[in-house]
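Visitor: Quick one, fold the following:
(2 chains)
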Amino acid sequence: MNSRNQGCPGGCQSPTGPMPPKFPQPLHPHIPRPPQGGAQQPLSPGMAPPTATLNVFSPEEGFVKGTMFRGIYRPYKNYTPRLPTPPDEKSAMMQEVNKYAFAAHDILLYLDNFPNDQEAINLYNGFMEAYLRARDAYEERFGAITTESDALKTAPFSWTVGGWPWVRGT
Amino acid sequence: MFRYEKRLMFPVKVRKRDLKMVNTIITQYGGPDGELAAALRYLNQRYSMPDDHGRALLTDIGTEELSHVEMVATMVHQLMAGASIEEIKEAGLGKHYGQRGFDLFPVDNFGVPFTVAYVGAVGDPVADMSENMAAEQKARAVYENLIDLADDEDLIQPLLWLRERELLHFAMFKELYERYKNMEET
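Guide: Modelled structure (predicted):
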């Protein structure tokens, strides 16, 4: 089973024979393993999670809670994670950017462990698309978040002016 | 290469100045289990990883930790911003102000300056992943201590969020740990 020693950027070969008994238990408890012996799915040890549905929060809920994965979320004492209602449109639109960027990022981390999971890849692409849309919309109205923004064509150069995120009141 | 985005990963808007909290939150900036140590630990370890899973995960979590450094720094900055000399003296921040003014400086709660000795990395994937799992748990515990000490919702919310990230990173590193452990045994 030396194939497991290789990263498989171009996709892993499906191993023949049954899963080795040492196959690590899933650490994402929301991902059920397929029934033993019934591995219809090409499974590369340590790489591909089974086909079962990823149990993720919505981007809204995941962002507030700090994780997209229901099986991993663990609240602290009786504190309730919450976001203040955005006081203005600028904050509301920034929240959209943050939310989708966060959702995409968390799925990205998951894909680092399981790059063959097409369902996660689809989720990633969906969130990434929503993030780029939200970012464009924000930048058009309130100035650049990135140096590649279309909002950098006119003076004042909005990368420089305003919006530095640690400044109170921006 | 790294590129900057002009936004915080999770919003930090501390409206109430609280100089007493500065000396406790600061440890997650420059302390042994802080975000700076985490970022450097992961971005250093990635060079010796045996496969693309490790290279990818350490790059992505290491990068995220830099965003956490920025969030913690923002909390400290906003807790101090605009304080009067009287307030600074009263909160026992005279030494800090005397040496650094309103600049941030990466230290722990006892004033010990950040040191790269906090960067655990021994070039062994199983040992390094164990280190990372422990580091995430220690950071989780420290965030819980900080949440216990905080009484302002503006601080508590980003601290809760950062705490939850430690749990998520722990799970991701554990997955990788199992993988490398398995490799070692085969």
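Visitor: Nearest spatial neighbour of residue B:128, chain-adjacent residues omitted?
Guide: If the residues on either side of it in the chain are set aside, residue B:128 comes closest to residue B:45, at 4.9 Å by CB to CB, 6 or more residues apart in numbering or on different chains. To be clear about C-beta, it is placed using only N, CA and C from the backbone, and glycine gets the same treatment.
Visitor: need the contact list for that neighbour.
Guide: Taking CB atoms under 8 Å, 6 or more residues apart in numbering or on different chains, we find residue B:45 in contact with B:54, B:58, B:121, B:128, B:132.
Visitor: In strands only, show me these.
Guide: Judged by DSSP state E, strands contain none of the contacts of residue B:45.
Visitor: Among those, name the ones in helices.
Guide: Per DSSP state H, helices hold the following members of the contacts of residue B:45: B:54, B:58, B:128, B:132.
Visitor: so how many other residues sit close to the first one?
Guide: Right, the one you point to is residue B:54. Residue B:54: 23 surrounding residues under other CB atoms under 10 Å in any protein chain shown.
Visitor: And it, how far from chain A?
Guide: Counting by CB to the nearest CB, to the nearest Å, the gap from residue B:54 to chain A is 8 Å.
Visitor: Likewise for the last one?
Guide: For residue B:132, the distance to chain A under the criterion CB to the nearest CB works out to 13 Å.
Visitor: Verify the stated contact: that residue with residue B:44.
Guide: No. Using CB atoms under 8 Å, residue B:132 is not in contact with residue B:44, being 11.4 Å away.
Visitor: Look at those two and report which has more neighbours.
Guide: Remark: of residue B:132 and residue B:44, residue B:132 carries more neighbours, 26 against 16, as counted by other CB under 10 Å.
Visitor: Which residue comes closest to the more buried one once chain neighbours are left out?
Guide: Residue B:132 sits nearest to residue B:173 (CB to CB, 6+ apart), 4.5 Å away.
Visitor: ok, now which ones touch the one you found?
Guide: Counted by CB under 8 Å, 6+ apart, residue B:173 has contacts B:57, B:61, B:129, B:132, B:133, B:136.
Visitor: pLDDT for those - can I get that in CSV?
Guide: As requested, these are arranged in CSV below (pLDDT from 0 to 100):
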residue, pLDDT
B:57, 98
B:61, 98
B:129, 97
B:132, 98
B:133, 97
B:136, 98
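Visitor: Fine, thanks again, bye for now.
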